[in-house]
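> From the sequence below, what's the structure:
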Amino acid sequence: METEKSLPEVRQPEGCLVVAVRLPVRIVVLVLVLPVRMVWDAFVVGGRFLNDTVLRPLGRALLWTGRALFVWPLVGLWRYVLVPLGRVLLWLGNVLVVVPLGWVYRWVLTPSGHALVWVGRGILAGLEWLYAQVLAPVGRACMWVLRGVGAGLAALGGWTYTGAAWLVRYLLVVPALWVYRWVLTPLGHGLMWVGRGVGFCLYWTVRVLVVLPLGALWRWVLVPAGRVLALVGREVWGALGHAWRVAGRISLAVGRFLATLFRWTVVEPLRWVYRSVLTPVGHVVRDAVLRPCAEAGRAVGRATRQALASARESVRQARAEVRWLLFGEPRKREAVARREPLGAETRTLGSSTTALTKD
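Numbering: from 1, shown residues only. I've put the predicted structure just below:
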């Protein structure tokens with residue numbers, strides 16, 4: 001098995017017609033397919049760029065908007081409105097429908113059903129007695145009468161059937177067998193021989209006039225033409241695949257060349273301008289203008305906050321002085337005696353005297 005796998009694949013030799021058709025077909029197909037492949041690759045690159053920069057962010061935004069406008073409100077409606085409302089309706093249905101129906105079933109329908117069952121059992125017992133004592137004897141008498149009538153009719157029918165069978169046999173069957181044996185069978189044999197002769201003549205006529213010319217046309221015209229067309233179609237299909245792959249490589253090379261050209265003509269100069277010009281200028285502007293302006297802004301903010309605090313304190317003091325001038329000095333709150341004395345005034349348990357004055 002290893003020896004068979006290691007052997008190179010033996011290619012079948014190809015004719016001169018295949019070699020003569022393959023090269024022109026591949027050249028023509030490559031010329032036709034190359035613009036299509038380059039346009040296709042351009043559309044693919046544009047589609048990927050559009051998908052990455054526009055469609056995917058737009059899809060995410062639409063998804064978030066759909067969730068915010070539809071999903072979350074519906075979830076909130078279900079969670080905070082429909083579920084509590086369903087629980088309330090379930091409780092009301094249980095209280096207003098299930099419990100009353102259970103009571104009606106237990107105390108009304110069940111006794112009524114038992115009463116109907118007892119009544120039905122009584123009616124069924126009456127019907128059984130009526131069947132056993134009245135209907136069964138009457139039925140047996142009727143059956144005895146019918147059996148006698150049936151026996152007489154059967155005897156009469158047997159005689160009638162025998163006579164009818166004898167008449168049918170000698171008036172229909174025997175003459176029909178004679179006609180079939182001595183008239184129809186010889187006539188059928190003759191027609192069969194005539195039909196065989198006519199069929200033999202028609203077979204050879206159709207074979208000579210239709211089948212043999214069509215066979216020759218199929219063998220010597222259509223089959224070679226089909227092989228040539230199949231060869232051309234196979235080569236065209238192979239040339240299309242080969243041209244598509246070659247055009248893909250050419251398109252890739254052209255795309256890389258255009259990308260490199262765009263990089264060295266646009267991207268690299270812009271990067272150099274950003275790195276060598278805009279970045280130092282930005283640093284200078286940041287260090288010389290923005291930072292001093294920010295420090296000055298912070299100093300102004302601190303001074304403003306201090307001035308506002310001083311102004312609020314001045315207004316508070318002025319308001320206190322005006323209140324003192326208009327209403328006088330506010331009264332001081334009286335000290336409230338504590339529940340327990342301090343220090344030496346501590347009381348003993350069960351006594352109103354202090355520990356120092358007990359003796």
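
> what comes up buried for the longest helix seen in the chain?
For the chain, the helix with the greatest residue count under DSSP state H is helix 223-262. By neighbour count with 16 or more other CB atoms under 10 Å, helix 223-262 contains the buried residues E235, A239, L240, H242, A243, W244, V246, A247, G248, I250, S251. Where you see a C-beta, it was placed from the backbone N, CA and C, and this is true even at glycine.

> quick check, nearest of those residues to G46?
When these are ranked by distance to G46 (CB to CB), S251 comes first, at 13.5 Å.

> Tell me the spacing between that closest one and M38.
S251 sits 5 Å away from M38, going by CB to CB, to the nearest Å.

> Between the two, which contacts overlap?
Counting by CB atoms under 8 Å, 6 or more residues apart in numbering, no residue touches both S251 and M38.

> Nearest to R227 among the buried residues of helix 223-262?
E235 (12.5 Å).

> V28 is in contact with that closest one, correct?
No - using CB atoms under 8 Å, E235 is not in contact with V28; the gap is 11.1 Å.

> Could you export the strand or helix carrying W178 as PDB, CA atoms only?
Using DSSP states H and E, the element containing W178 is helix 174-179. Provided in PDB are the C-alpha atoms of helix 174-179 (Å, rounded to 0.1, in the frame of the first residue of the first chain):
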ATOM      1  CA  VAL A 174     -74.300 -25.200 -24.500                       C
ATOM      2  CA  PRO A 175     -74.900 -23.000 -27.600                       C
ATOM      3  CA  ALA A 176     -72.300 -20.500 -26.400                       C
ATOM      4  CA  LEU A 177     -69.700 -23.200 -26.000                       C
ATOM      5  CA  TRP A 178     -70.400 -24.600 -29.500                       C
ATOM      6  CA  VAL A 179     -70.100 -21.100 -31.000                       C
END
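
> Please, where are all the helices along the stretch 101-250 of the chain?
110-130, 136-168, 174-179, 185-206, 212-217, 223-262 (DSSP state H, counting those that start in this stretch).

> Between the ones you listed, which one is closest to V44.
That would be, of the helices of the stretch 101-250 of the chain and by CB to CB, helix 223-262, which comes in at 9.8 Å.

> so what does that closest one touch, helix or strand wise?
For helix 223-262, the elements it packs on are helix 16-50, judged by 3 or more CB pairs under 8 Å, 6 or more residues apart in numbering; DSSP states H and E.

> From the chain's centre, how far out is the helix it packs on? Work that out for me.
Distance, stretch centre to chain centre, for helix 16-50: 38 Å (CA atoms, centre = their mean, to the nearest Å).

> Same question for stretch 133-150.
Computed by CA atoms, centre = their mean, the separation of stretch 133-150 from the middle of its chain amounts to 73 Å.

> same deal with stretch 158-165?
With CA atoms, centre = their mean as the basis, stretch 158-165 stands 77 Å off its chain's centre.

> Just the CA trace of it, in CSV.
Extracted C-alpha coordinates of stretch 158-165, given in CSV (Å, rounded to 0.1, in the frame of the first residue of the first chain):
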residue,chain,number,x,y,z
GLY,A,158,-85.0,-25.2,-4.5
TRP,A,159,-87.3,-26.5,-7.1
THR,A,160,-87.4,-23.2,-8.9
TYR,A,161,-83.6,-23.0,-8.9
THR,A,162,-83.2,-26.5,-10.4
GLY,A,163,-85.6,-25.7,-13.3
ALA,A,164,-83.9,-22.3,-14.0
ALA,A,165,-80.4,-23.9,-14.0
